[in-house]
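Q: how would this look folded up:
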Amino acid sequence: MKVDSHNRVIIRVWTSEKNQQFPGQNVGHISIETPERYMSLWPVPFSQAQINEYQKAGTLKQQYLKYFMPRDSHYMRSCREDEQAEGDVKPQVVICLYTLDRKAINMQFERLSQETKSWRLIGSNLLVQKLESVAETLVLHSTTFQSEVGKRQVENCASFALKMLKAGDIQQLVSLSENSSFASNTSSSVSPDQILDILLPAKRAELARYPETESFTFGGETPLAALMSSKTLEDGKSTCSVM
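A: Numbering: from 1, shown residues only. This is a model prediction of the structure:
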């Protein structure tokens, strides 16, 4: 396989506050960029009326609204927009891979961006049927929240990104089958931190198979020395767990 420095797929990860290797903020975020597309899924912000209802809600309803309530989705157009949404914070980790099928990633993005109409912190659709009755009960009398559970394609930024990485055949670099969170097409919860856990060994595998990629440069990429110091990268395996 001939490796081309222009076949660059940039993955930016804003890690969570729980990440010990690359500490971040909040729950984290992830975006993917090819020479043709910038791909970053976000929720439409709550309206002031919704914020007021959330603040007055009981604990159970607040937990539902935070983790499970589908919200209209929209897409950032650049890394700068992502940074601004994160409070003017740059991504903690930036990794470039050069052996993914970027055309397949672009095609998957075009398809998913048409199909994905909602964002939810707990990603894909595995929990939809179990949550439907709860959703209807918790927002039954709401004038600001409308239940859309089970009615629309729902993703979070990480489950969305994972589907594009799979389309780009990241499996050629790192096995996803060892962890059901990545083996399933309808994973119940995938986080940016978990995706980072597969990106690190994928980068190592690419460097081992295609050492010429070490000379490829991208100004914003996290230095290899920092990535090599990661325990996950040294182990060569993912430390992910299903949530």
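Q: from memory L200 sits against L227, does it?
A: Yes - L200 lies in contact with L227 (C-beta atoms under 8 Å); the separation is 6.3 Å. To be clear about C-beta, it is placed using only N, CA and C from the backbone, and glycine gets the same treatment.
Q: Those two: which has the busier surroundings?
A: Between L200 and L227, L200 has the larger neighbour count (other C-beta atoms under 10 Å), namely 26 against 22.
Q: what helix or strand does that one sit in?
A: Using DSSP states H and E, L200 sits in helix 192-209.
Q: avg pLDDT for that helix?
A: Throughout helix 192-209, pLDDT has a mean value of 93.
Q: And stretch 161-172, by the same measure?
A: On average, stretch 161-172 scores 94.
Q: Can you give me the end-to-end span of that stretch?
A: With C-alpha to C-alpha, to the nearest Å as the measure, stretch 161-172 spans 17 Å from end to end.
Q: Ok, stretch 26-40 next?
A: 17 Å.
Q: what packs against the helix or strand harbouring K117?
A: If you go by DSSP H and E, K117 is part of strand 116-119. For strand 116-119, the packing partners by 3 or more C-beta pairs under 8 Å, 6 or more residues apart in numbering; DSSP states H and E come out as strand 41-43, strand 71-75, strand 153-155.
Q: hey, where'd the helices end up in the chain?
A: 48-56, 59-67, 79-85, 102-115, 128-138, 157-167, 180-183, 192-209, 224-228, 231-235 (DSSP state H).
Q: Any regions of this protein where pLDDT drops low?
A: Counting by pLDDT under 70, the ranges of the chain that qualify are 54, 61-62, 64-70, 119-153, 176-189, 229-243.
Q: how close does the closest residue to L224 other than its chain neighbours sit to A208?
A: Of all residues not flanking L224 in the chain, E214 sits nearest, at 7.1 Å (C-beta to C-beta, 6 or more residues apart in numbering). Applying C-beta to C-beta, to the nearest Å, the value for E214 to A208 is 10 Å.
Q: go on, V3?
A: Distance from V3 to A208, counting by C-beta to C-beta: 13 Å.
Q: And these two? Which one has more around it.
A: Each of V3 and A208 has its neighbours counted (other C-beta under 10 Å); V3 has more, 14 against 11.
Q: Hmm, T213 is touching Y98, no?
A: Yes - proximity of T213 to Y98 meets the contact threshold set by C-beta under 8 Å, at 5.0 Å.
Q: any shared contact partners between the two?
A: In terms of C-beta atoms under 8 Å, 6 or more residues apart in numbering, T213 and Y98 are both contacted by the residues V3, S5, E206.
Q: Output those in CSV, with distance to Q21 appended to each entry.
A: Output for the shared contacts of T213 and Y98, formatted as CSV (distance: C-beta to C-beta, whole Å):
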residue, distance to Q21
V3, 27
S5, 27
E206, 19
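Q: so which of those comes closest to G28?
A: E206 (23.1 Å; C-beta to C-beta).
Q: Which secondary structure elements does the helix holding L200 sit against?
A: Secondary elements touching helix 192-209 (3+ C-beta pairs under 8 Å, 6+ apart): strand 9-14, strand 29-33, strand 93-97, helix 157-167, helix 180-183, helix 224-228, helix 231-235.
Q: now these as TSV including distance to V44?
A: Putting those into TSV (distance: least, C-beta to C-beta, whole Å) gives the following:
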stretch	distance to V44
strand 9-14	19
strand 29-33	15
strand 93-97	26
helix 157-167	14
helix 180-183	27
helix 224-228	34
helix 231-235	33
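Q: what's the most buried one of the helices of the chain?
A: helix 157-167 (a mean of 25; mean count of other C-beta atoms under 10 Å).
Q: so what's the nearest residue to V174 once chain neighbours are set aside up against?
A: Spatially, and ignoring its direct neighbours in sequence, V174 is nearest to A202 (4.4 Å; C-beta to C-beta, 6+ apart). Neighbour list for A202: L97, I170, L173, V174 [criterion: C-beta under 8 Å, 6+ apart].
Q: Alright, that wraps it up for me.
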